[in-house]
Each structure stands twice: as structure tokens, then as C-alpha cells.
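>>> 3D, please:
(one chain, ligands or ions: 1)
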Amino acid sequence: MSRTRIKICGLTRPDDVRAAVDAGADAIGLVFYPPSPRHVELAQAATLAALIPPFVTTVGLFVNADEAQVRRVLDAVPLQLLQFHGDESEAECARFGRPWIKAARMRPGVDLLEFAACHPGARGILVDAFVDGYGGGGKVFDWSLIPDGFDRPLVLSGGLTPDNVSEAVRRVRPWAVDVSSGVESAKGIKDARLITAFIAGVRNADG
Ligand SMILES: O=C(O)c1ccccc1NCC(=O)[C@H](O)[C@H](O)COP(=O)(O)O
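Numbers count the residues shown, from 1 in each chain. As a prediction, the model looks like this:
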């Protein structure tokens, strides 16, 4: 079994990027969604992205952004993967010619197989709890909503913490996990000790 990839999302400060990279994160998420407390401006994002070494993926997160806004970000920040976390269609995700993942907002009644079929070009499907404000809500959803044998790379998120991530990895066996609020001391402010504990929890479950 391959090791579970780990994305730390919603970083806003250089020290937090360094802490996540040093702790062994595989991907760093930058939020380009102005209503979010984790939103980063272009210059700030470029500074953070410049700290990310080779073989750690820089991910840009968007929520129903218009095309021009995404293109402005792509011109200024070296993103390797786009994460669409709103209600974007397949065509809206595909038009930038970059690899992307698509977030499914999970709640009872959501059919993940149908959702995934509507997004055939996504490199992976990120599952997050349905919350007002689209994401980063620190809420766990019912993992049994994920069909057995789901055959696309699955990124599990939603309310993961150092305390529950081992159980999550053992139960769901996702391709990757994604965390934001579970490794924060305040919104947008990451805690290096929590990041280290979170990654240790994933590795513990990987065996
Ligand atoms: O972080 C935000 O503020 C945010 C706003 C709007 C959409 C998505 C957002 N964040 C997404 C993530 O950070 C993660 O992909 C995921 O939602 C997990 O968040 P959390 O439950 O806080 O660990």
C-alpha cells in the first residue's frame, strides 16, 4: 500500500509554509477566495509559493471564481494543481489547461459516483463536509457516504485533526488527506506542533 499523501491547506504565513514542508507535507494549499479568513493576495501568495521546494505541490483553491480572476492568479503564482471547491462545471475546471481536483460537498443524499462521473477530467475527487461558506469548516461528514471501491483518487477532508486522522485513514484508505482548521491555532494561523502531530497520525495509520 502506498503512503497517504498529505495536503495542508489555507496557509497565509511563510513560517507556516516552512513548518508544513519541514514536517513532510506533500502539498500546500493557497486559498484564493476573498470571503475566507485564509484568502491570500497575489503578492503574498507568490511569496509563499516561492518557499515551496521541488516535489511538494503548490495547490490553488478557488470557489466559483470567474475566469479572469483565476487567470490573474495563474499569471502571478506558480500553481501546479487547481482545486475547485465550489459549483464549477467540468468545462469551467478544464479551461485553464492545468491539472485540477474537484471538491464534493458531502451530506446525506449526495451520490459520489454520480458526482465523479460529472467530473471525468479531475485528477482526483476531494470530499469535504457540506458547510455554509463552502469549506474549511472543521466539520466531519459521514464517511460511509463514500462508496466502497470508489475508483478515483480520493482526497479525504472535513474536520480532520491530529486526534481523528489515524482512524480516518484506516477506515477510508484515501489517496490523500487534506486539513486546514484541524492544524490551526486561529483561522489562517497554522500551529507547527499540530501539523507535526497530524502527519505523525497519518504515518501511524499507514503502518
Ligand atoms: O479554508 C477556507 O476558508 C475555505 C473556504 C472556502 C472553500 C474551501 C476552504 N477550505 C478548504 C480546505 O481547507 C480543505 O480543502 C477542506 O475544506 C478541509 O477543511 P477543514 O475541515 O477545516 O480541515
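
>>> residues in contact with R170?
A205 (CB atoms under 8 Å, 6 or more residues apart in numbering). Every C-beta, even on glycine, is put in place using the N, C-alpha and C of the backbone.

>>> ignore the last one, V179
Counting by CB under 8 Å, 6+ apart, V179 has contacts 6-9, 157, 160-161, 165, 198.

>>> Can you name the residues in contact with the helix or strand D75 falls within?
For D75, the element it lies in under DSSP states H and E is helix 67-76. Outside helix 67-76, the residues that touch it by CB under 8 Å, 6+ apart are 32, 42-43, 45-46, 60, 62, 79, 82, 92, 95-96, 98.

>>> just stretch 18-31 next, same as before
Under CB under 8 Å, 6+ apart, the answer for stretch 18-31 is 5-11, 17, 38-40, 45, 48-49, 51-53, 56-61, 77, 79, 81, 83, 136, 176, 178, 180, 190, 192, 195-196, 199.

>>> Now look at that stretch and say if it contacts the ligand.
Yes. Part of stretch 18-31 sits near the ligand under the criterion CB under 6 Å from any ligand atom, namely V31.

>>> Which residues does the residue most central in space within the chain form beta bridges with?
Nearest residue to the geometric centre of the chain (CA atoms, centre = their mean): D178, 4.7 Å. Under DSSP bridges, the beta-bridge partners of D178 are K7.

>>> close enough to count as contact, it and L154?
No. Taking CB atoms under 8 Å as the definition, D178 is not a contact partner of L154, at 10.5 Å.

>>> any common contacting residues for the two?
Residues touching both D178 and L154 (CB under 8 Å, 6+ apart) are L126.

>>> Quick check: closest non-adjacent residue to D206.
R3 (5.1 Å; CB to CB, 6 or more residues apart in numbering).

>>> ok, how many other residues are close to the one you found?
Using other CB atoms under 10 Å, the number of residues around R3 comes to 12.

>>> That one: helix or strand, and which one exactly?
Using DSSP H and E, no helix or strand contains R3.

>>> Who does whichever helix or strand K102 is part of pair with, and is each partner parallel or antiparallel?
Element membership for K102, per DSSP H and E: strand 100-106. Sheet pairing here is set by DSSP bridges, and for strand 100-106 it gives strand 81-84 (parallel), strand 124-129 (parallel).

>>> what about it, distance to the chain center?
From the chain centre to the centre of strand 100-106 is a distance of 9 Å (CA atoms, centre = their mean, to the nearest Å).

>>> do stretch 117-124 as well
Its chain's C-alpha centre and that of stretch 117-124 lie 16 Å apart, by CA atoms, centre = their mean.
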